[in-house]
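Asks: coords please:
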Amino acid sequence: MNQDTICALATANGIGAIGIIRVSGNQSIEIVNKVFQGKNLEKADSHTVHYGFIVDDEIQDSRIEIRNSENFNQQPTLNNPIDEVMVSVFRAPKTFTTENSVEISFHGSPHIAKKILEVLIKNGARMAKAGEFTMRAFLNGRIDLSQAESIADLIASENEASRKVALNQLKGGITNEISILRGDLLNFTSLIELELDFAEEDVEFADRTALKTLLKKTEEKLRSLIDSFQYGNAIKNGVDVAIIGKPNAGKSTLLNALLKEERAIVSDIAGTTRDTIEEVLHIKGTAFRFIDTAGIRETTDLIEEIGVKKAKEKIESAKILLYLYDETDSTPQEVINFIKEFYREDLKIILLHNKIDLQNGYFENEFDNALKSALFPDYTTQIIGISAKNKTGIEALKSELSEYIQNLETQENTIITNQRHYEALQRSLESVKKVEDAISGNISTELLAYELRYALEYLGEISGEFTNDEVLGNIFSKFCIGK
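Replies: Below is the predicted model of the structure:
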């Protein structure tokens with residue numbers, strides 16, 4: 001357990017009505033008490049709040065019980081006061097870090113915050129590192145590693161779906177799932193290890209048939225959790241949507257229509273967009289990150305060429321591709337060639353037949369029929385007629401984007417949103433499959449035990465039962481200071 005006492009601003013930087021400074025460590029109450037003019041905090045009960053002043057000099061004289069029933073309106077004699085505050089006292093072990101903790105609520109001035117932190121440090125505390133409060137909660141057994149990560153996810157949640165997922169993980173959702181899997185595997189691993197102790201007697205304690213059944217069940221559960229990551233990643237981080245097409249196809253006009261504001265410059269001059277423009281739009285609770293790109297064409301303009309290269313890079317990272325075409329400036333074969341060049345199974349492509357306002361009504365003309373006959377069913381695409389200029393078809397496009405998320409939804413109660421968890425589950429699945437192969441191949445008990453240990457270790461990485469300082473440092477360094 002850490003012996004030093006840490007402090008940090010827990011609220012956002014900047015001016016606000018109230019700011020809060022957190023202090024945690026065995027000496028936290030004693031240190032704050034040195035600079036608090038009011039009740040003697042060392043005699044205060046846990047989970048109580050006290051009115052007083054933070055002062056710049058250590059208090060040596062007897063304290064004044066400020067604002068009790070007898071002297072509520074009296075002005076106390078103060079030693080270089082910094083601010084009028086409320087101080088909350090929390091005694092171990094019933095605190096977030098399981099250590100003695102204090103929270104100081106002050107008037108939300110950055111200067112006041114700086115002054116209070118200075119006097120706390122002068123009296124024995126030190127500034128906390130990023131995520132150090134949460135790391136102490138983890139190291140002291142208050143929460144596991146996946147719960148610690150869910151705290152960061154909860155703070156960063158930008159929509160209702162991501163909030164619910166993060167809260168479920170904070171309540172131990174994924175930990176409970178993994179604990180059940182590990183518990184069953186651990187029982188069999190213990191029996192396999194026992195067989196190693198009696199290798200000379202050639203006895204079998206672990207029923208191989210029952211182990212196969214368990215492994216199959218474990219494999220199905222792991223695959224289900226892994227499959228939930230695509231949906232979890234979408235609701236947590238949003239979905240990248242690349243808007244692609246030839247110059248003057250109406251890409252910037254479409255972005256403006258989606259955002260309902262003039263975000264991108266619109267011009268009849270081909271090649272206006274040289275760099276990518278990115279904006280986020282929430283559709284039914286999910287963040288879609290729209291990326292307006294340079295028109296794709298052969299060009300001798302060096303700057304435009306860089307823009308075209310960036311556009312192609314965005315296609316590679318996007319999950320959804322909106323390809324705009326204008327039939328007066330394109331041929332079906334050009335669209336078909338483009339789709340064939342960039343198509344991949346994990347990319348949803350939506351073809352947008354733009355400028356239908358120039359066609360006296362639209363749908364299913366020869367141009368689009370030619371696309372359908374050439375692309376379907378080998379390429380999964382959808383064709384929507386729009387007029388980006390008149391905002392026709394925009395709602396149909398939004399519905400199609402929303403349906404993409406609905407198709408990702410899973411029946412799993414626990415949804416994986418963390419890349420580290422996803423990779424650990426994949427490694428666990430590989431190990432489980434190796435154990436299955438080992439049983440089928442009748443390999444030695446020693447090798448079987450070896451593979452089972454790996455499966456357990458990878459599962460344990462998620463909750464933090466197996467980890468190292470480098471992993472912990474990487475995880476908690478991404479937290480804000482004060483959390």
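
Asks: mind listing what Leu185 touches?
Replies: Listed by Cβ atoms under 8 Å, 6 or more residues apart in numbering, the contact set of Leu185 reads 214, 218, 452, 455-456, 459. C-beta coordinates here come from the backbone N, C-alpha and C atoms, glycine included.

Asks: Phe106: which of those residues is nearest?
Replies: Minimum distance to Phe106 across those is 44.6 Å, recorded for Leu459 (Cβ to Cβ).

Asks: Quick check: the closest one touching Ile180?
Replies: No - using Cβ atoms under 8 Å, Leu459 is not in contact with Ile180, being 10.3 Å away.

Asks: more crowded one of these two?
Replies: Taking neighbours as other Cβ atoms under 10 Å, Leu459 and Ile180 compare with Leu459 leading, 26 against 12.

Asks: So for the more buried one, what's the pLDDT?
Replies: According to the per-residue confidence, Leu459 scores 84 in pLDDT.

Asks: any idea which helix or strand carries it?
Replies: In the assignment (DSSP states H and E), Leu459 maps to helix 445-463.

Asks: which secondary structure elements does that helix contact?
Replies: Under the contact criterion of 3 or more Cβ pairs under 8 Å, 6 or more residues apart in numbering; DSSP states H and E, helix 445-463 touches helix 145-156, helix 173-197, helix 419-440.

Asks: So which of these is the most surrounded?
Replies: Comparing the helices and strands packed on helix 445-463 on average neighbours per residue, with mean count of other Cβ atoms under 10 Å, the densest one is helix 145-156 at a mean of 20.

Asks: now the helix or strand following that helix, how far from the chain's geometric center?
Replies: Next helix or strand after helix 145-156 toward the C-terminus (DSSP H and E): helix 160-170. For helix 160-170, the separation from the chain centroid amounts to 10 Å (computed by Cα atoms, centre = their mean, to the nearest Å).

Asks: for stretch 27-39, same thing?
Replies: If you compare the mean C-alpha spot of stretch 27-39 with that of the full chain, they lie 37 Å apart, counting by Cα atoms, centre = their mean.

Asks: quick one: low-confidence ranges for the protein?
Replies: Applying pLDDT under 70 to the chain flags residues 1-2, 58-79, 195-206, 261-276, 294-312, 359-364, 411-412, 442-445, 467-468.

Asks: With Gly16 as the reference, name the closest of the helices and strands packed on helix 445-463.
Replies: Comparing the helices and strands packed on helix 445-463 by Cβ to Cβ, helix 145-156 comes nearest, at 16.6 Å.

Asks: report the angle between the axes of the closest one and helix 160-170?
Replies: Between the axis of helix 145-156 and that of helix 160-170 there is an angle of 150 degrees, by axes from the mean of the first three to the mean of the last three Cα atoms, to 10 degrees.

Asks: Cys7: which element?
Replies: Taking DSSP H and E as the criterion, the element that holds Cys7 is strand 6-9.

Asks: May I have the strands that pair with that strand, each with its orientation?
Replies: Based on DSSP bridges, the strands next to strand 6-9 in the sheet, each with its direction, are strand 18-24 (antiparallel), strand 126-127 (parallel).

Asks: List of residues touching stretch 208-219?
Replies: If you take Cβ under 8 Å, 6+ apart as the criterion, stretch 208-219 is touched by 181, 184-185, 188, 429, 432-433, 435-436, 439.

Asks: Please read the previous query as pertaining to stretch 407-421.
Replies: The list of residues contacting stretch 407-421 from outside it, by Cβ under 8 Å, 6+ apart, reads 146, 149, 153, 162, 165-166, 168-169, 173-174, 176-177, 224-236, 422, 425, 461-462, 471, 475.

Asks: Quick one, which of those residues are buried?
Replies: Burial of the contacts of stretch 407-421 was assessed by neighbour count (16 or more other Cβ atoms under 10 Å); the buried members are 146, 149, 153, 162, 165-166, 168-169, 173-174, 177, 224-226, 228-229, 231-236, 422, 425, 461-462, 475.

Asks: Nearest to Gly14 among the helices and strands packed on helix 445-463 would be which one?
Replies: Taking these one by one with Cβ to Cβ, helix 145-156 is closest: 16.5 Å.

Asks: what's the angle between that closest one and helix 445-463?
Replies: On the basis of the same axes, to 10 degrees, helix 145-156 is oriented at 30 degrees to helix 445-463.

Asks: Give the other helices and strands that helix 145-156 contacts.
Replies: Taking 3+ Cβ pairs under 8 Å, 6+ apart as the contact definition, the neighbouring helices and strands of helix 145-156 are helix 132-139, helix 160-170, helix 173-197, helix 445-463, helix 469-476.

Asks: Alpha carbons of stretch 245-260, as PDB, please.
Replies: The C-alpha atoms that make up stretch 245-260 are tabulated as PDB, following Å, rounded to 0.1, in the frame of the first residue of the first chain:
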ATOM      1  CA  GLY A 245     -16.500  10.900 -55.200                       C
ATOM      2  CA  LYS A 246     -15.200  12.700 -58.300                       C
ATOM      3  CA  PRO A 247     -14.500  16.500 -58.000                       C
ATOM      4  CA  ASN A 248     -17.800  18.500 -58.000                       C
ATOM      5  CA  ALA A 249     -19.900  15.400 -57.200                       C
ATOM      6  CA  GLY A 250     -21.400  17.400 -54.200                       C
ATOM      7  CA  LYS A 251     -19.400  16.000 -51.300                       C
ATOM      8  CA  SER A 252     -19.000  19.300 -49.400                       C
ATOM      9  CA  THR A 253     -22.700  20.100 -50.100                       C
ATOM     10  CA  LEU A 254     -23.700  16.800 -48.600                       C
ATOM     11  CA  LEU A 255     -21.600  17.400 -45.500                       C
ATOM     12  CA  ASN A 256     -23.200  20.800 -45.100                       C
ATOM     13  CA  ALA A 257     -26.700  19.300 -45.500                       C
ATOM     14  CA  LEU A 258     -26.000  16.600 -42.900                       C
ATOM     15  CA  LEU A 259     -24.700  19.200 -40.400                       C
ATOM     16  CA  LYS A 260     -27.300  21.800 -41.300                       C
END
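
Asks: The helices and strands packed on helix 445-463 into a markdown table, with extra columns for distance to Val87?
Replies: Formatted as a markdown table, the entries for the helices and strands packed on helix 445-463 read as follows, by distance: least, Cβ to Cβ, whole Å:
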| stretch | distance to Val87 |
| --- | --- |
| helix 145-156 | 24 |
| helix 173-197 | 34 |
| helix 419-440 | 37 |
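
Asks: of all those helices, which lies closest to Ala125?
Replies: For the helices and strands packed on helix 445-463, distance to Ala125 was read as Cβ to Cβ. The smallest value, 22.4 Å, belongs to helix 145-156.

Asks: Show me the protein divided up by domain.
Replies: Following automatic domain parsing, one gets these domains for the chain: 6-128, 150-228+416-476, 233-408.
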